[in-house]
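**Student:** Mind folding the following:
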Amino acid sequence: MLNKFFKLKENKTTVKTEIVAGLTTFMTMAYILAVNPDILSATGMDKGALFTATAISAAVGTLVMALWANLPFALAPGMGLNAFFAFGVCLGMGMSWQFALTAVFLEGILFILMTVFNIREVIINAIPKNIKNAISVGIGLFIAFIGLKNAGVIIDNPATLVHLGDMKSAGVLLALAGIMITGVLLALKVRGALLIGMVATTVIGIPVGVTQLPHFDFSVPSLSPILWQFEWDWINSAEGIFAMITVLFTFLFVDMFDTVGTLIGVSTKANMLNEDGRIPNVKQALMADSIGTTVGAALGTSTVTTYVESASGVAEGGRTGLTALTTAVLFICALFLSPLFLMIPAAATASALVLVGVMMMTPIKNLDLDDFTESIPAFFTMIMMPLTFSIAEGIVFGILSFVILKLCSGRHKDISIVGYILAILFVLKFIFM
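**Tutor:** Now for the predicted structure:
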């Protein structure tokens with residue numbers, strides 16, 4: 001039944017491979033169950049309720065991806081978007097968290113409409129092939145940077161922005177050991193190498209004090225403090241309407257291009273693009289994050305988006321919705337077994353993220369580096385993702401430089417109408433945001 005529903009043979013995969021891939025994806029992104037409540041609780045929202053909302057919204061969005069789109073991508077409240085929710089809208093602009101939730105809810109509704117009318121699909125298909133390859137490479141650099149940063153291998157530095165962490169720290173040494181252990185497993189072509197590497201690193205971390213053994217509590221926190229908490233008073237004033245438009249546009253922009261970048265990058269790495277360079281079932285995939293965002297806002301959490309950590313599952317061979325279904329089921333289980341999942345230290349997930357970053361570099365060999373109107377936009381796409389800590393900004397710099405270089409070199413025929421529109425929107429974004 002699973003083979004027929006998810007078309008496993010057609011996608012050259014097996015039930016075992018898909019389940020291992022789904023488990024790997026979950027373990028690399030399980031940190032969101034702890035991090036999202038921690039960030040959003042800065043607004044005054046109930047932390048326990050936020051944990052429940054995070055797990056359920058992730059499960060809902062990922063289930064839609066699994067059962068409708070049949071793609072191996074997982075969804076959850078997005079990093080960066082949750083920070084903008086808490087520190088930009090609530091603490092920065094002084095708006096209530098109910099106002100921010102309303103903006104997220106409206107974003108979800110708009111995304112559903114944009115997906116129904118194929119607006120988002122048109123944008124994806126308009127991105128040049130060279131930039132699509134660069135997006136995969138850029139995401140690889142980005143998630144490797146995230147892994148190293150979370151593990152303390154790379155730290156903040158006021159003078160140089162980043163700096164090497166404390167090489168005597170148990171956490172840093174464990175992370176580097178985990179990368180080497182997993183690297184050896186990959187070199188030996190061991191199936192499930194990323195997952196085995198994370199488990200091994202977590203276990204090694206127990207005696208050195210990095211992995212903290214959990215205290216089990218099987219109760220599920222109530223959603224009631226944040227459930228369906230929307231605010232509509234902003235409609236009554238021009239100032240309120242302008243504030244909502246500003247916040248809504250920011251959520252829309254960042255989420256759209258983060259999702260687009262993730263779908264393109266991971267699909268490119270997995271060789272899932274069709275002969276026209278398009279993602280299969282992309283409309284259903286985009287609807288998954290639209291529905292996830294709308295449901296997530298009603299539950300009480302920030303924007304739900306497709307996770308770049310899905311690349312870890314794809315790297316383990318995940319090719320169908322069965323991978324996503326496995327991840328979704330684990331998010332539901334996490335409601336009752338959260339201490340077990342959350343005991344996985346950043347040092348353990350770092351090994352998966354760094355080595356997936358290496359794997360995501362593969363499309364770099366397909367880049368046209370001899371044509372500067374192609375190589376410069378590709379370079380900007382790749383380098384700006386880790387440097388700005390944003391997939392969306394990498395795409396912005398890539399598209400803008402592509403349009404400018406093609407125009408100024410007399411090759412305007414290489415630019416699509418949608419490309420011109422995107423370039424104009426990106427310029428306006430820099431002016432008004």
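
**Student:** and C408, how many residues sit next to it?
**Tutor:** By the criterion of other Cβ atoms under 10 Å, C408 has 10 neighbours. From N, CA and C alone the C-beta is placed, and that goes for glycine too.

**Student:** now it: how far from I431?
**Tutor:** Distance, C408 to I431, using Cβ to Cβ, to the nearest Å: 21 Å.

**Student:** which stretches of the stretch 251-400 of the chain have low pLDDT?
**Tutor:** 276-277, 341-342 (pLDDT under 70).

**Student:** in it, which spans are helices?
**Tutor:** 282-299, 310-315, 321-342, 346-359, 372-388, 391-408 (DSSP state H, counting those that start in this stretch).

**Student:** Mind listing what's buried along the shortest one?
**Tutor:** Right, the one you point to is helix 310-315. Within helix 310-315, the residues that count as buried by 16 or more other Cβ atoms under 10 Å are S310, A311, S312, G313, V314, A315.

**Student:** And that helix, how far out from the chain middle?
**Tutor:** 12 Å (Cα atoms, centre = their mean, to the nearest Å).

**Student:** how about the helices in the stretch 101-250 of the chain?
**Tutor:** Going by DSSP H, counting those that start in this stretch, the stretch 101-250 of the chain shows helices at 119-126, 129-150, 170-187, 193-204, 238-269.

**Student:** Export those helices as CSV, with columns for distance to D414 and mean neighbour count.
**Tutor:** Converted to CSV, the helices of the stretch 101-250 of the chain look like this (distance: least, Cβ to Cβ, whole Å; neighbours: other Cβ atoms under 10 Å):
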stretch, distance to D414, mean neighbour count
helix 119-126, 12, 18
helix 129-150, 10, 25
helix 170-187, 38, 19
helix 193-204, 38, 21
helix 238-269, 19, 21
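
**Student:** ok so, going back, can you say which of the helices of the stretch 251-400 of the chain is packed in most?
**Tutor:** Neighbour counts (mean count of other Cβ atoms under 10 Å) averaged over each of these peak at helix 310-315, with a mean of 30.

**Student:** Go ahead and name everything in contact with that one.
**Tutor:** For helix 310-315, the surrounding residues in contact (Cβ atoms under 8 Å, 6 or more residues apart in numbering) are 21-22, 24-25, 28-29, 72-74, 139-140, 143, 194, 262, 265-266, 269-270, 323, 327, 352-353, 355-356, 359-360.

**Student:** can you rerun that using 6 Å?
**Tutor:** Residues from elsewhere that reach helix 310-315 (Cβ atoms under 6 Å, 6 or more residues apart in numbering): 21, 24-25, 28, 72-74, 194, 266, 270, 323, 352, 356, 359-360.

**Student:** Can you convert the helices of the stretch 101-250 of the chain into JSON lines and add a column each for distance to G48?
**Tutor:** Converted to JSON lines, the helices of the stretch 101-250 of the chain look like this (distance: least, Cβ to Cβ, whole Å):
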{"stretch": "helix 119-126", "distance to G48": "34"}
{"stretch": "helix 129-150", "distance to G48": "24"}
{"stretch": "helix 170-187", "distance to G48": "27"}
{"stretch": "helix 193-204", "distance to G48": "25"}
{"stretch": "helix 238-269", "distance to G48": "25"}
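
**Student:** and A346, which of those is closest to it?
**Tutor:** helix 129-150 (4.0 Å; Cβ to Cβ).

**Student:** Packing partners of that closest one?
**Tutor:** helix 238-269, helix 346-359, helix 372-388 (3 or more Cβ pairs under 6 Å, 6 or more residues apart in numbering; DSSP states H and E).

**Student:** In a markdown table: those, plus distance to M93.
**Tutor:** Listed next are these as a markdown table, based on distance: least, Cβ to Cβ, whole Å:
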| stretch | distance to M93 |
| --- | --- |
| helix 238-269 | 7 |
| helix 346-359 | 31 |
| helix 372-388 | 22 |
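
**Student:** Figure out which of the ones you listed is closest to A159.
**Tutor:** Of the helices and strands packed on helix 129-150, nearest to A159 by Cβ to Cβ is helix 372-388, at 16.6 Å.

**Student:** Between helix 129-150 and that closest one, find me the angle.
**Tutor:** Computed by axes from the mean of the first three to the mean of the last three Cα atoms, to 10 degrees, the angle separating helix 372-388 from helix 129-150 equals 20 degrees.

**Student:** Helix 372-388 versus helix 346-359: what angle between them?
**Tutor:** Using the same axes, to 10 degrees: helix 372-388 against helix 346-359 is 180 degrees.

**Student:** Packing partners of helix 372-388?
**Tutor:** helix 129-150, helix 391-408.

**Student:** next helix or strand past the last one?
**Tutor:** It stands for helix 391-408. helix 417-432 (DSSP states H and E).

**Student:** buried set for that next one?
**Tutor:** Residues of helix 417-432 classed as buried by neighbour count (16+ other Cβ under 10 Å): V418, G419, L422, A423, F426, K429.

**Student:** Would you agree the fourth one is in contact with V403?
**Tutor:** Spelled out, it's A423. Yes: shown here, A423 and V403 form a contact pair, counting by Cβ atoms under 6 Å, at 4.2 Å.

**Student:** got the contact list for the residue nearest in space to the middle of the chain?
**Tutor:** In the chain, the centroid-proximal residue (Cα atoms, centre = their mean) is Y307; its distance is 2.7 Å. Y307 makes contact with M29, A74, A76, according to Cβ under 6 Å, 6+ apart.

**Student:** average pLDDT for the helix or strand harbouring I19?
**Tutor:** Per DSSP H and E: I19 is located in helix 15-29. For helix 15-29, mean pLDDT rounds to 92.

**Student:** Could you identify the helix or strand that succeeds it?
**Tutor:** helix 32-40.

**Student:** Measure how far the direction of the very next helix or strand once past that next one deviates from that of helix 15-29, in degrees.
**Tutor:** For helix 32-40, the following helix or strand on the C-terminal side (DSSP H and E) is helix 47-64. Between helix 47-64 and helix 15-29, the angle comes out at 150 degrees (the same axes, to 10 degrees).

**Student:** Helix 47-64 packs against which elements?
**Tutor:** Short answer (3+ Cβ pairs under 6 Å, 6+ apart): helix 47-64 packs on helix 32-40, strand 75-77, helix 282-299, helix 321-342.
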